[in-house]
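Would you be able to build a 3D model of this:
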Amino acid sequence: MATTITPSDFTANITDNITLNTRDFGSSSTYVRTECTEADQRIVKVALKAGAEEVQTWTTLFNYGTANAAGTGITTEFQYVRLTNLDDTNYCIVQFVMALSNNRFNIKLGPYESFMLQDNAAVALCAEGPELGYTAFSTIKTIQAAADTAACDIEIVTVFKPAL
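Alright, predicted model coming up:
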């Protein structure tokens, strides 16, 4: 069976502004990716962390791999991901697990805050001492989260397009 999905452009708009003493500050930018054929939007209830930080209960939000499956997108076809904490009071810890190094980096996602990536390559360094300089990028393998004070809902939006 041939696909009936018509490739479409994906657009994300970012606008920020503030007026201080009648002076306007801010800007807007538009991120566009053409020929996208897959999108996923879900709301996931994130479990309350349990135990010490080293053994927290993580809720998997999304995986990246070599085959398309439920909750998994193809790494090489990644175009965009946005995470939004829908909770009005509590923050969540979002963790990005790297594919090659198995290093991780965490962000704190406060109430109604969003975080987005337009590339799934990152570096997570866990060494002490002087800066190590440039380190090769690794792709993200898993995005997971843990709620800090009470369970939270996180919205995740992902967009993919076929690799050329």
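
Phi, psi for Asp9 please.
phi -80, psi 140 (degrees, to the nearest 10).

Tell me how many other residues crowd it.
Neighbour count of Asp9, defined by other CB atoms under 10 Å: 10. The C-beta positions use only the backbone N, C-alpha and C, and glycine is treated the same way.

Quick check: the gap between it and Gly110.
Distance, Asp9 to Gly110, using CB to CB, to the nearest Å: 31 Å.

Partner strands of the worst-scoring helix or strand of the chain on mean pLDDT and their direction?
In the chain, no helix or strand scores lower on mean pLDDT, DSSP states H and E than strand 121-122, which sits at a mean of 78. When sheet partners are counted by DSSP bridges, strand 121-122 sits next to strand 138-147 (antiparallel).

mean confidence for the helix or strand following the partner strand?
With elements assigned by DSSP states H and E, the helix or strand that comes after strand 138-147 is strand 152-160. Average pLDDT, strand 152-160: 95.

and the angle for strand 152-160 with strand 138-147?
Here strand 152-160 points in a direction 160 degrees away from that of strand 138-147 (axes from the mean of the first three to the mean of the last three CA atoms, to 10 degrees).

List the buried residues for strand 152-160?
Neighbour counts using 16 or more other CB atoms under 10 Å place 152, 154, 156-160 of strand 152-160 among the buried residues.

And for stretch 69-88?
Of all the residues in stretch 69-88, those buried under the rule 16+ other CB under 10 Å are 72-75, 77-85, 87.

From those, which land in strands?
Of the positions in these, 72-74, 78-85 sit in strands, assigned by DSSP state E.

And these, which two are furthest apart?
Greatest spacing in those, by CB to CB: Ile74 and Asn85 (26.4 Å).

Tell me where this protein has strands.
Per DSSP E, the chain carries strands over the ranges 8-20, 23-36, 38-46, 59-65, 72-74, 78-85, 92-98, 104-109, 114-117, 121-122, 138-147, 152-160.

Turn these into TSV, columns for distance to Ala2.
Listed next are these as TSV, based on distance: least, CB to CB, whole Å:
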stretch	distance to Ala2
strand 8-20	17
strand 23-36	17
strand 38-46	16
strand 59-65	25
strand 72-74	19
strand 78-85	23
strand 92-98	36
strand 104-109	40
strand 114-117	32
strand 121-122	32
strand 138-147	30
strand 152-160	19
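
which stretch in these has the least confidence?
strand 121-122 (a mean of 78).

can you pull up the bridge partners for Phe115?
Leu83.
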